[in-house]
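Asker: Compute the structure for the input listed below.
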Amino acid sequence: MSNNKYSLTNCKTLAQKFNGKSILITGGTGSFGNQMIKTLLEHFTPRRIIIYSRDEYKQSLMQEKFNPKLFPNIRYFIGDIRDYDRLETALAGVDIVFHAAALKQVPAIEYNPYEAVKTNIIGSQNVIRASIKNGVSQVMAISTDKCVNPTNLYGGTKLCAEKLFINANILSEKTKFCAARYGNVLGSRGSVIHLFKDFKDKGAPLKVTDDRMTRFTVTLEQAINFVLMGVDLSVGGEIYVPVLPSYNIMQLVEIFGGEHKITGIRPGEKLHEMMLSEYESHLAYRFDDFFIITPLEDYDVQRFQIEDFSAVAGKANKCEAGTNYSSGENELINTSELKKLVQDIIQI
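Answerer: As a prediction, the model looks like this:
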């Protein structure tokens, strides 16, 4: 994640990809979309940035932040990824798609399972079909560590979505599809640090499901830069996984202070998250700051020359079969460093 080769201020290949191009972000009013717009406007000169989402209220809030009069290259499209016809219209003339739209709340999805199927699976296939139909150059799907050995429906639907996007490279010679897989983002909507702040502000004990719980540590800015790096490197068909430190939930309890109480693990919740499983590790290569999971060998092995990636990203080592990358078997971030990351997001 810290590789200087991918500094956004000096990466000429990224500038070539984004300057003068049209970019569409599905689910664009979320944390990812807001930070992606900020980054694109700061470092590049895209011709158009299209926000595609179904919530007009959130779009109105975003327009207050990115006023169309000050940012005339930003467009706001009301639409749902479940609606193929609307997607096809929105994607006309688009060069790059960031697919971030999804139903993500685990308890709500467990209670409304088919709604998650319609958005996360069928909606993803709609994005694929409409992108191919419009001759989009690149599509980056935003995935999650929940899709690795999934224990809840959210993870299951995102696993299906990953498979759809990787397989989509067979369907088109022009459009390149890939995915970026990472974990819970510190400070994103629904993040544990916002929940802990609410408890603290109310003088209530912090609710901890299990004191052994670990998660990977990634900030929104790191996640966006990682996704952009994936777009820069992609030849189509790969999954990018960042190398990150982990944190234990009790480190956050220490940072926020006060009392806490153990409530028990919720349905579908894991003690530890995994971003690379032993069942796919034989397809993975490890660089200093990230992994690349290549497609199945009978898919398009000729497209993948790992030396081409190594020439840009440094030496890669093929992962041994049976390797897994879990937050519970990973180096923990220093608590003082974690506190600084939290304080950069909220006031404690």
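Asker: Pull up the gap between the closest residue to Ala92 other than its chain neighbours and Lys176, please.
Answerer: Nearest non-adjacent residue to Ala92, counting by CB to CB, 6 or more residues apart in numbering: Asn134, 5.7 Å away. (C-beta placed from N, C-alpha, C; glycine too.) The gap separating Asn134 from Lys176 is 14 Å, by CB to CB, to the nearest Å.
Asker: Over to Lys58?
Answerer: From Lys58 to Lys176 the distance is 29 Å (CB to CB).
Asker: Neighbour count: those two, which is higher?
Answerer: Lys176 (22 against 17; other CB atoms under 10 Å).
Asker: Show me the helices in this structure, by range?
Answerer: With DSSP state H as the criterion, the chain has helices at 12-18, 31-43, 56-65, 84-90, 106-111, 113-116, 123-133, 153-167, 192-201, 220-233, 249-256, 297-300, 306-313, 335-343.
Asker: Show me what counts as buried in the third one.
Answerer: What that stands for is helix 56-65. The neighbour-count criterion (16 or more other CB atoms under 10 Å) identifies 58-59, 62-63 as the buried residues of helix 56-65.
Asker: Now that we have the residues you listed, can you turn them into a markdown table and tack on distance to Leu283 and pLDDT?
Answerer: Listed next are the buried residues of helix 56-65 as a markdown table, based on distance: CB to CB, whole Å; pLDDT from 0 to 100:
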| residue | distance to Leu283 | pLDDT |
| --- | --- | --- |
| Lys58 | 37 | 96 |
| Gln59 | 39 | 96 |
| Met62 | 38 | 95 |
| Gln63 | 43 | 94 |
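Asker: Just put the residues you listed in CSV and tack on distance to Ile78.
Answerer: Formatted as CSV, the buried residues of helix 56-65 follow (distance: CB to CB, whole Å):
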residue, distance to Ile78
Lys58, 11
Gln59, 7
Met62, 12
Gln63, 12
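Asker: closest to Lys340 among the residues you listed?
Answerer: Distance to Lys340, by CB to CB, is smallest for Met62 among these, at 28.3 Å.
Asker: Could you measure from that closest one over to Gly33?
Answerer: 8 Å.
Asker: residues touching the residue nearest to Tyr279 when sequence neighbours are not counted, list them.
Answerer: Distances taken as CB to CB, 6+ apart put Asn149 closest to Tyr279, at 7.9 Å, once the chain neighbours are dropped. For Asn149, the contacting residues are 274, 277, 279, by CB atoms under 8 Å, 6 or more residues apart in numbering.
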